[in-house]
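Asker: 3D model of this:
(2 chains)
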Amino acid sequence: MNGTPMPPANDDHERFMRLFLEHEPAILRSVLVFVPHRADARDIVQETAVALWRHFAEYDPARPFVNWACGFARIEVRRFLRRRQRRAALSETAAAALIESEEAQSAWHEERERHLADCRARLAPEQRRILDGYYVDELDVNALAQRHDRSPEAIYKMLQRIRHALLDCMERKTAEARL
Amino acid sequence: MSRDELDSLIARHLDGRATEAEAAALSRELEASEDSRRVYLQVARLHAALGAEESVEPPLPALSERASRSPGWRWWPLAASFAGIVALALLARFALPPRSAPLETTPVARFGGLQDVRWVAPATRFGPGDPLRSGQRVELSAGSAGITFASGAEVTLVGPCIFEVTSDNGGFLTLGQLKAVAATPASKGFTVRTRTARVVDIGTEFVAAAAPDGQSRVDVTSGEVHVHLDGASTPHRLRTGEALAIEAGRAQVLVRIEPGDGTAAFRFPTIPPPTDQDIADRSRGFATLQVVRGGLFTTAPVPSGPPDLLLDGRGQTAPDSPAESVFFGPNDSGALLLDLGRAITISQITTYSWHQNKSVENRVRAVQKYTLFGYAGDRPPVFEGPPAESGWVPIARVDSDDFFRVMQPIDRPAQQACSITGAHGVIGRYRYLLWAVEPTQSVTKPVLDNTFYAEFDVYGQP
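Answerer: Presented below is the predicted three-dimensional model:
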């Protein structure tokens, strides 16, 4: 995929932009699994966008764009982890193993993730405020700690508990749906 | 590894708290155990879903004045290059201002004069005097639009431009250029945010610009402006005639170019003169400089000096002194590679040039026009092709004609110093620096137009 790029025709600009913008959340999401820091993940999505655009002439519209794009994103993830300079990160070997496992387990995960919105709605008000502060407003933990009058360590623990509460709820709802 | 230990490591990794040792331990566990990978993927996919889902929501619902929710692709024709296309696509998602509170009903600003305006959404209908509320976005593809804030601050947007009114005394510039005049007492402190900076007007007039790739720039026309950068405790003060460019990215690299006093002393308003005290000076015996692409001008009687002149701690002694300068051949772009001998935490890089043609009023060879890249490893990436694709890390782009807004060749300063710094004191840690140097005037006419570089200085700590 990293051979000599074939520049797309000008007419492809709009088509590329439409497809990319439509599927960019899914691409970002796929990157965040391996590189959880959002700024790093966005840099990787940016690199992915460049690669996608260069190879857009090779894209087969009969295939789902998101699958094609996530393939490039995984290459960029591995390239990023090979270079990793900014902060502690997973090894490239671990990421490769995770990519393989994710492909094999995707149906299992997707079945559970269908219940995320429902489970999120059931969180206690303060849990939702902390979750939104962290993930929506992108506040760092120190700012969240100030806002909620708690220590940063307490916020980290709450985030971990909230994520586990969501996972438990998703697991429970998956089991219920099977009954 | 116990389940508790695994959960704790995963949480620390997701929240960016893992140490190198913890990341390595987690990696080993994930490499070895399919069960651990399943646990990791469960939590990490949840983290990703929570992180990606909300961060990409459109910023605001459409207003009646706006034709639609205006997805980013509406303004794709503004981009001339693929880099622009990609940057615009990403801007549409990432560069939007922080989500605002629900729209207030009270207007905080009104449109003033509109000239040759073309809106991004063709159905947009704004007229002079129309109200603007906090959170409302103005998307202009051409022409200019005046906005008067309730504080009395006046802004002129120049298309293409995307600007959001965020209060009665400020706004967020996503793309394009604006001129701001804050002349009333209530408008003191008028603030324009960009992706990389917050610009506060203390005096009266400034111009702010935001490029699609995130670079911001501030020019002070009159008075004083404070430029605040994320995470920096003290603002950068700019006074009349001064300008600052801020590259996007973690290091927030600042580019400042100043005119010299036109003497062999190389005096500049704030940038120090050439020095032999910097870490790249050849007298220290560590650094070497070589041409790795293109060729220096070698034709007698005015050949370029050797490349390591740039590390000798001195500028030229005269304004047209080829033997004391380093310059490429006519119309030739090239690349200069500085090997610092070991990785250095670099705090500042300064480049100097001086040229005033002896016979005609021509300062074309004073311009500094290059892109600077860095690399930390012991073996530099290749020099062929675009450096960023070979592993070189882009640090800064310099075009002093653009910086000084040169309209006529004689307008540009004959002696120039360009200072590149990191907003937080550090540019980055690099062993190699690569200057991809462009000819200054013409890429089609074979004229003697390559810059007379005088000195490169690098400050930092091993």
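
Asker: residue A:162 contacts residue A:133, correct?
Answerer: No: using C-beta atoms under 8 Å as the test, residue A:162 is too far from residue A:133 to be in contact (11.3 Å). The C-beta positions use only the backbone N, C-alpha and C, and glycine is treated the same way.

Asker: where are the low-confidence patches of chain A?
Answerer: A:1-14, A:84-86 (pLDDT under 70).

Asker: can you map out the helices along it?
Answerer: Secondary structure of chain A (DSSP state H): helices located at A:12-32, A:38-54, A:65-83, A:92-113, A:116-121, A:125-135, A:141-147, A:152-178.

Asker: tilt between the first one and helix A:38-54?
Answerer: If you take axes from the mean of the first three to the mean of the last three C-alpha atoms, to 10 degrees, helix A:12-32 sits at 140 degrees to helix A:38-54.

Asker: with adjacent residues omitted, what lies nearest to the residue nearest in space to the middle of chain A?
Answerer: Chain A has residue A:29 as the residue nearest its centroid, 1.9 Å off, counting by C-alpha atoms, centre = their mean. Counting by C-beta to C-beta, 6 or more residues apart in numbering or on different chains, residue A:29 lies nearest to residue B:52, which is 3.8 Å off, once chain neighbours are set aside.

Asker: quick one: contacts for that neighbour?
Answerer: Neighbour list for residue B:52: A:25-26, A:28-29, A:32 [criterion: C-beta atoms under 8 Å, 6 or more residues apart in numbering or on different chains].

Asker: quick check: it is in a helix.
Answerer: Yes: checked against DSSP: H, G, I helix; E, B strand; the rest coil, residue B:52 lies within a helix.

Asker: buried ones in the longest strand along chain B?
Answerer: The strand that spans the most residues within chain B, counting by DSSP state E, is strand B:334-354. Within strand B:334-354, the residues that qualify as buried are B:334-340, B:343-344, B:346-354, counting by 16 or more other C-beta atoms under 10 Å in any protein chain shown.

Asker: quick one: residue B:216 and residue B:245 touch, right?
Answerer: Yes: Residue B:216 sits in contact with residue B:245 when judged by C-beta under 8 Å, with a separation of 7.3 Å.

Asker: most centrally placed residue in chain B?
Answerer: residue B:247 (2.2 Å).

Asker: domains of chain A?
Answerer: A:1-106, A:114-179 (automatic domain parsing).

Asker: hey, where'd the helices end up in the stretch 351-462 of chain B?
Answerer: B:400-403 (DSSP state H, counting those that start in this stretch).

Asker: for chain A, give me its nearest residue in it.
Answerer: As assessed by C-beta to the nearest C-beta, chain A sits closest to residue B:376 within the stretch 351-462 of chain B, at 7.1 Å.

Asker: these two touch, right, that residue and residue B:343?
Answerer: Yes: if you go by C-beta under 8 Å, residue B:376 and residue B:343 touch, sitting 5.3 Å apart.

Asker: shared neighbours of the two, which are they?
Answerer: B:429-431.

Asker: among the residues you listed, which ones are buried?
Answerer: B:430-431.

Asker: save the shared contacts of residue B:376 and residue B:343 as CSV, and put in distance to residue B:46 and pLDDT too.
Answerer: Shown next, in CSV, are these (distance: C-beta to C-beta, whole Å; pLDDT from 0 to 100):
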residue, distance to residue B:46, pLDDT
B:429, 34, 93
B:430, 37, 95
B:431, 40, 96
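
Asker: secondary structure element holding residue B:116?
Answerer: Residue B:116 belongs to strand B:107-119 when elements are defined using DSSP states H and E.

Asker: packing partners of that strand?
Answerer: strand B:131-133, strand B:137-149, strand B:154-167 (3 or more C-beta pairs under 8 Å, 6 or more residues apart in numbering or on different chains; DSSP states H and E).

Asker: and those as TSV, adding mean neighbour count, mean pLDDT and distance to chain A?
Answerer: Shown next, in TSV, are those (neighbours: other C-beta atoms under 10 Å in any protein chain shown; pLDDT from 0 to 100; distance: least, C-beta to the nearest C-beta, whole Å):
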stretch	mean neighbour count	mean pLDDT	distance to chain A
strand B:131-133	18	92	22
strand B:137-149	21	89	15
strand B:154-167	22	89	15
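
Asker: in CSV: these, plus distance to residue A:119.
Answerer: Formatted as CSV, the helices and strands packed on strand B:107-119 follow (distance: least, C-beta to C-beta, whole Å):
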stretch, distance to residue A:119
strand B:131-133, 36
strand B:137-149, 34
strand B:154-167, 34
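
Asker: what's the closest of these to residue A:47?
Answerer: strand B:154-167 (23.9 Å; C-beta to C-beta).

Asker: what angle separates that closest one from strand B:107-119?
Answerer: Using the same axes, to 10 degrees, strand B:154-167 lies at 120 degrees relative to strand B:107-119.

Asker: could I have strand B:154-167 exported to PDB, CA atoms only?
Answerer: Once non-C-alpha atoms are left out, strand B:154-167 reads as follows in PDB (Å, rounded to 0.1, in the frame of the first residue of the first chain):
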ATOM      1  CA  GLU B 154     -14.400  46.000  14.800                       C
ATOM      2  CA  VAL B 155     -13.300  43.000  12.800                       C
ATOM      3  CA  THR B 156     -13.000  42.700   9.000                       C
ATOM      4  CA  LEU B 157     -13.000  39.100   7.800                       C
ATOM      5  CA  VAL B 158     -11.200  38.500   4.500                       C
ATOM      6  CA  GLY B 159     -12.400  35.400   2.500                       C
ATOM      7  CA  PRO B 160     -11.800  32.500   2.500                       C
ATOM      8  CA  CYS B 161     -12.500  32.700   6.200                       C
ATOM      9  CA  ILE B 162     -14.300  30.800   8.900                       C
ATOM     10  CA  PHE B 163     -14.900  32.700  12.100                       C
ATOM     11  CA  GLU B 164     -17.100  32.100  15.100                       C
ATOM     12  CA  VAL B 165     -18.400  34.900  17.300                       C
ATOM     13  CA  THR B 166     -17.900  33.600  20.800                       C
ATOM     14  CA  SER B 167     -18.700  36.600  23.000                       C
END
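
Asker: that strand pairs with which strands, parallel or anti?
Answerer: Note on strand B:154-167: by DSSP bridges, its sheet partners are strand B:137-149 (antiparallel), strand B:170-181 (antiparallel).

Asker: adding distance to residue B:294, write those strands out as CSV.
Answerer: Formatted as CSV, the strands paired with strand B:154-167 follow (distance: least, C-beta to C-beta, whole Å):
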stretch, distance to residue B:294
strand B:137-149, 38
strand B:170-181, 33
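
Asker: looking at those strands, which is closest to residue A:38?
Answerer: Of all those, strand B:170-181 comes closest under C-beta to C-beta, at 18.9 Å.

Asker: still on that earlier bit, surely the residue nearest to the centre of chain B is in contact with residue B:396?
Answerer: Yes: Residue B:247 lies in contact with residue B:396 (C-beta under 8 Å); the separation is 5.5 Å.

Asker: what touches both of these two?
Answerer: Common neighbours of residue B:247 and residue B:396 (C-beta under 8 Å, 6+ apart) are B:253, B:255.

Asker: pLDDT weak spots in the stretch 351-462 of chain B?
Answerer: In the stretch 351-462 of chain B, residues with pLDDT under 70: B:358-362, B:408-410, B:441-448.
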